[in-house]
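K.L.:
Need coordinates for the below:
(one chain, ligands or ions: 1)
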Amino acid sequence: MTRVQVGIVGAGPAGLLLAYLLRRAGVAAVVLEARSRAYLEQSPHRIRAGVLEWGSKEILRQAGLGERMLAQGLEHRGVYLAFDGALHRLDFPTLTEGRSIWVYGQQFVVQDMIRKHLEEGGEIRFEHEVVGLEADAEGLALVYRSAEGATGRLICDFAVGADGSHSGLRSQIPGVRVHQKHYPYAWLGILAEAPPAAEELIYASHPRGFALFSMRSPTRSRNYLQVGVEERLEDWPEERIWAELNLRLGGVARVEPGPLLEKSLTPLRSLVVEPMQHGRFFLAGDAAHVVPPTGAKGMNLALCDAVLLCRALLAYYRRGEEGPLLRYTQDALRHVWQAELFSYFMTTLLHTPDDPFENGLRLAQLRHLAESPHLQRFLAENYVGLYTSGRYAFWEEGVPA
Ligand code: DHB
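P.N.:
Residues are numbered from 1 along each chain as shown. Model prediction:
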């Protein structure tokens, strides 16, 4: 049995950033993670989106976690939309008062955080699966089972469920409401040793469906195809994927095939959990909200939650203030719903629906967007991140020190 101030479940972006920031500020936190370190850092199944908002880049940089990101990540100052056989570029600095985004894989962010946190004396217990949360006279107890099968209890003042989109801890909140939306689409994603289609991302809308052309480096591309939810990976041999990607580019660019390093299917859904807390237990990251991948908001939201929750915990430990903790759900849901709105907007704007009426509306909006600086500003502001880019009070305090 161990006692800490904050027990955190899950070593993803939310749990790791929270643990790291708390430790830096002198608050003892332990992370319990069901998987092994090797699985988190290396498994191809862990590949996620790779776009950091301007403010997420700032969070990592200010926290001292940004060294490799700044050296190896790619700064992008715009994105392309492709439709009707033409390419339209949105220039972020012009549309957002100088902001840009960084292309850097989530798996690298996780690797950087684990390494830095452990180097600086932080504690992550890998292969420790949390099987229960109990309240007793001493505080909260996270009940876990280690790889060897032994059970134990981590006693803490506060517990945080950062255990991902399939969170087992969510249900610990009595009366929890889960607001959900499923889309009739999935994404077929590939990572390939092949040059990217362009120097910046291309979001391509085509009558056959949406395609996204992203990258991890100047020689490694990360591309996605809209497919039906019932489709299987076996239906998509490599040649078919490359041919379909080129078809959906509609002639505005070309991709040259290269060896596939990974291939995956992801269904699209939106989910918001409310409230995000109960007593001394809090949710953060995907455990509390899921966005469809279009626009790559997932990790950015997780980092926002971690910063907000860290500030609230520090207000309590340093000044005895409970207000920020009591307001956590209310404060977090503001940036959460903004990202839900944007992810929903990008998903419906870019995916080709079966219904011709819906498709007509969608194309009208896409064509308007290509002409209208006002709509472009809406997209660009959200893309570079409203909440972390200095437009809202959220950011004024920066990263807790
Ligand atoms: C990536 C994923 C996204 O969902 C997106 O909108 C942009 C980029 C990516 O994996 O690189």
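
K.L.:
Who does Leu191 form a beta bridge with?
P.N.:
Arg222, Glu262 (DSSP bridges).

K.L.:
Do I have it right that it meets Thr219?
P.N.:
No - taking CB atoms under 8 Å as the definition, Leu191 is not a contact partner of Thr219, at 11.8 Å. Every C-beta, even on glycine, is put in place using the N, C-alpha and C of the backbone.

K.L.:
Which one of the two is surrounded by more residues?
P.N.:
Per other CB atoms under 10 Å, whichever of Leu191 and Thr219 has more neighbours is Leu191, with 22 against 12.

K.L.:
which residues touch the more buried one?
P.N.:
Leu191 makes contact with Pro44, Ile47, Arg216, Arg220, Ser221, Arg222, Leu260, Leu261, Glu262, according to CB atoms under 8 Å, 6 or more residues apart in numbering.

K.L.:
What's the separation between it and Gln72?
P.N.:
16 Å (CB to CB, to the nearest Å).

K.L.:
now swap in Arg248 and tell me
P.N.:
For Arg248, the distance to Gln72 - CB to CB - is 29 Å.

K.L.:
more crowded one of the two?
P.N.:
Comparing Arg248 with Gln72 by other CB under 10 Å, the one with more neighbours is Arg248, at 23 against 12.

K.L.:
can I assume that one sits in a strand?
P.N.:
No - read with DSSP: H, G, I helix; E, B strand; the rest coil, Arg248 is helix and lies in no strand.

K.L.:
could we number from 54 for the rest of this?
P.N.:
Fine by me, first position is 54 from now on; the one you just mentioned is Arg301.

K.L.:
I'd like the distance from it to Pro406, if you could.
P.N.:
Taking CB to CB, one finds Arg301 at 15 Å from Pro406.

K.L.:
Pairing partners for the one residue in the stretch 254-403 of the chain that gets nearest to the ligand in the sheet, please.
P.N.:
Residue nearest to the ligand within the stretch 254-403 of the chain (CB to the nearest ligand atom): Ser267, separated by 3.2 Å. On the basis of DSSP bridges, Ser267 is bridged to Arg275.

K.L.:
ditto for Val132
P.N.:
Using DSSP bridges, the bridge partners assigned to Val132 are Leu143.

K.L.:
ok, how many other residues are close to it?
P.N.:
The tally of other residues near Val132 (other CB under 10 Å) stands at 23.

K.L.:
How about Leu428?
P.N.:
Neighbours of Leu428 under the rule other CB under 10 Å: 16.

K.L.:
roughly how far apart are it and the ligand?
P.N.:
Leu428 sits 18 Å away from the ligand, going by CB to the nearest ligand atom, to the nearest Å.

K.L.:
Now do the SS call for the nearest residue to that residue once chain neighbours are set aside.
P.N.:
Once flanking residues are discounted, Leu428 sits nearest to Leu422: 4.4 Å by CB to CB, 6 or more residues apart in numbering. The three-state label given to Leu422 by three-state DSSP is helix.
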